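Peer 1: build the 3D model from these lines:
(chains A and B)
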Amino acid sequence: MAKLILNGSTSGSITLESPAVSGTTTLTLPTTTGTIALTAAPTFTGQATIPTINLTGGQITFPTTQSASSDGNTLDDYEEGTFTPSVTGVTVGTTTGIYIKIGKLVFINMIIPVTSGSNNGMTITNLPFTTWTGNRQVLIARENAVVGKTGQLYIDSNSTSGSIQDYAGTSGGTNGYTWIITGSYQSA
Amino acid sequence: MSLNQQIKIDRIEVVSNRTIQVRQATIITDNGNQISRTFHRWCIVPSQDYSDQEQQVQDICKVTHTPEVIAAYQAQQEANKLGAV
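Peer 2: Now for the predicted structure:
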């Protein structure tokens, strides 16, 4: 067995210098079996081209601050958390919401209990992300406490709010109703 | 074991229509090592009252939500209103 060991007192390094005239610089690693042992949390710089990634650890961590990409083939964000939907037009109890954002796709789930109101215009505000500037979007809803009606949350473009209606297009702001709203929309 | 919880606003984003998206992080550490980070989000649209926000958010709202921006946002929302089915 042959070994090349760099055993510096503080650190060691291998530098493959760029060819002066032509050609490429190559460091050949095991092609069948073998292990490349790295320090606990090494940092790589630059962009790597890798045909397949096998995540034996099972996790991908995106930076806390999104590095937005305009490339249509690049996944540049993942985030999950909570938000508190606000409602205008009627009085509601405690509202809850969760979100998962994958790239520009935002999945949300909300519970909206109406405690006072009678089919006044009911608008949900404070969605976690602003919608895109294209088409309006629709999420599915169900009234789950009184009548079991289906409904929809109709979200404007370039907005953080939408109106909730039952299947017939009537505002869903009826006292006692509890709306479950689930679906995905495209963020800005 | 020394658990510590820190709650802080870690992201303030201004999108194209000048809506301000705020993210609050709750970070739990054990002896300085992070063991949990969860997020809570909310938005502040132009014309919305921001007086109950943290000062750093208020500062951004103050310079971002100008009368011109508020008027443009309200006009956009009016144009967006749901039409007759």
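
Peer 1: dump the residue contacts of residue 6.
Peer 2: Picking chain A for this. Taking Cβ atoms under 8 Å, 6 or more residues apart in numbering or on different chains, we find A:L6 in contact with A:G12, A:S13, A:I14. In this view, the C-beta of every residue, glycine as well, is placed from N, C-alpha and C.

Peer 1: I was thinking of chain B, sorry if that wasn't clear
Peer 2: Neighbours of B:Q6 in contact, by Cβ under 8 Å, 6+ apart: B:A25, B:T26, B:I27, B:I28, B:T29.

Peer 1: do the same with B:L3
Peer 2: Taking Cβ under 8 Å, 6+ apart, one finds B:I28, B:T29, B:D30 in contact with B:L3.

Peer 1: what is the mean pLDDT for the helix or strand harbouring the first one?
Peer 2: Under the criterion of DSSP states H and E, B:I28 resides in strand B:20-30. With pLDDT averaged residue by residue, strand B:20-30 scores 95.

Peer 1: equivalent analysis for stretch A:44-64, please.
Peer 2: Per-residue pLDDT values over stretch A:44-64 give a mean of 86.

Peer 1: what do you get for stretch A:156-175?
Peer 2: On average, the pLDDT along stretch A:156-175 is 85.

Peer 1: list the buried ones in it?
Peer 2: A:156-166, A:171-174 (16 or more other Cβ atoms under 10 Å in any protein chain shown).

Peer 1: by mean pLDDT, which helix or strand of chain B comes out lowest?
Peer 2: helix B:67-80 (a mean of 90; mean pLDDT, DSSP states H and E).

Peer 1: A:Q137 - how many residues pack around it?
Peer 2: If you count neighbours by other Cβ atoms under 10 Å in any protein chain shown, A:Q137 ends up with 19.

Peer 1: with A:S118 instead?
Peer 2: A:S118 is flanked by 10 other residues according to other Cβ under 10 Å.

Peer 1: over to A:G117?
Peer 2: Residues contacting A:G117 under the criterion other Cβ under 10 Å number 20.
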